[in-house]
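Student: Sequence and predicted structure below; questions after.
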Amino acid sequence: MVAYRIDRHSGVATYVQIVQQTRQALRMGLLQPGDRLPTAREVVEATAINPNTVLKAYRELEREGLVEARRGLGTFVRRSLGTAQVDSALRADLETWAERARTCGLDRDDVAALFTAVLDRHFQGEPS
């Protein structure tokens, strides 16, 4: 099950953060078709956000065809976004790189900016 982390200082709407984190979990294979998302109540208890915000995010995911609400049962994953299993060696390299960046004094925003610049250079013109 996915555990949502809400960054109230990011400038990104809370429901968008939930949608993005769910998509990320689908891409990484952390959520598979048939898995149940946390209930709105569970998300509210873990994050102290408004239940309507959770429901708005889940409706957006449902509109995209990623999840489906089953009355009285919860919200379930319909399809994955991952095209292949994430290469464990590649992930290990990225883990090492992230640790090295942190050791060099880069903060999260610095790393994100650097990584985005490299992605933009190598994946120009591809949809995100």
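Tutor: That came through, no problem.

Student: tell me, what residue is most central in the chain?
Tutor: With distances taken as CA atoms, centre = their mean, Gln21 lies nearest the centre of the chain, 1.9 Å away.

Student: List the buried residues in whatever helix or strand that one lives in.
Tutor: According to DSSP states H and E, Gln21 maps onto helix 14-27. By neighbour count on 16 or more other CB atoms under 10 Å, the buried set for helix 14-27 is Thr14, Tyr15, Gln17, Ile18, Val19, Gln21, Thr22, Ala25, Leu26. For the C-beta atoms, the positions are set from N, CA and C on the backbone; glycine is no exception.

Student: Check stretch 41-54 too.
Tutor: Quick answer for stretch 41-54 (16+ other CB under 10 Å): Val43, Val44, Thr47, Ile49, Thr53, Val54.

Student: lowest average confidence, helix or strand, in this structure?
Tutor: Ranked by mean pLDDT, DSSP states H and E, the weakest helix or strand in the chain is helix 88-103, scoring a mean of 89.
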